[in-house]
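Asker: structure of the sequence below:
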Amino acid sequence: MNKENKKKELLKLVYILSNNETIYLINTSNLNSNQISILRKSFHKHSIKMRMVKNTLLKKAIKKIKNQKFDSFFSILNGNTTLLFSNLNVANIASKIIKNFHIQEITDKPYLKGAYAQQSFYFGGNKDLNVLLHLKSKEDIIIEIFNILQFSIKDVISSFLNSTKYKICNLLEALSSKNKK
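Answerer: Numbering: from 1, shown residues only. Below you'll find the model as predicted:
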């Protein structure tokens with residue numbers, strides 16, 4: 001790779017790291033081209049892009065970013081590194097794809113090296129992959145809260161209407177019995 005291409009690639013990596021909500025670093029070594037193609041297609045369906053990167057170039061890109069939030073990735077930048085990224089909040093989707101791939105292909109690759117999702121870092125292996133798998137987005141949590149509130153409000157209104165209905169029925173009954181006398 002000549003200097004100009006390296007510079008373009010470096011700028012692309014800086015842009016990727018600076019402008020995406022979800023970033024995964026995975027190890028795809030020992031996977032054949034067919035398996036990598038399957039992974040790439042699965043990620044693409046969910047707007048997750050997959051890119052092989054050189055560790056030294058990724059380190060340079062991390063150094064170029066002003067806020068230094070990705071400095072914690074330095075320790076895991078060795079061996080084969082593949083970058084997954086999306087400007088959407090797809091942390092649990094990416095981990096589901098990886099987990100399903102493990103089951104389908106009966107392998108432990110791709111191996112999670114690290115991830116940045118929902119403004120938090122996750123590192124290594126199945127433990128954090130499982131955490132990411134069950135990670136709920138802020139939108140999911142808000143929807144759950146609204147659903148809980150919705151059911152509570154429905155119960156309050158329902159009980160109010162039922163008690164009011166019985167009071168009105170009793171009042172009408174009392175009035176009708178007075179008129180008969």
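
Asker: surely Ala117 meets Val131?
Answerer: No. If you go by CB atoms under 8 Å, Ala117 and Val131 don't touch, sitting 9.7 Å apart. The way it works is simple: take the backbone N, C-alpha and C, and place the C-beta from them, glycine included.

Asker: between these two, which is the more surrounded one?
Answerer: Ala117 (22 against 16; other CB atoms under 10 Å).

Asker: which ones are touching the nearest residue to the more buried one once chain neighbours are set aside?
Answerer: Spatial nearest neighbour of Ala117, excluding adjacent residues (CB to CB, 6 or more residues apart in numbering): Ala91 at 3.3 Å. By CB atoms under 8 Å, 6 or more residues apart in numbering, Ala91 lies in contact with 22, 115, 117-118, 132, 135, 137.

Asker: how about 7 Å then?
Answerer: Applying CB atoms under 7 Å, 6 or more residues apart in numbering, we find Ala91 in contact with 22, 115, 117-118, 132, 135.

Asker: what's the answer for Lys109, then?
Answerer: 27-28, 30-31.

Asker: if we go to 6 Å?
Answerer: Listed by CB atoms under 6 Å, 6 or more residues apart in numbering, the contact set of Lys109 reads 30-31.
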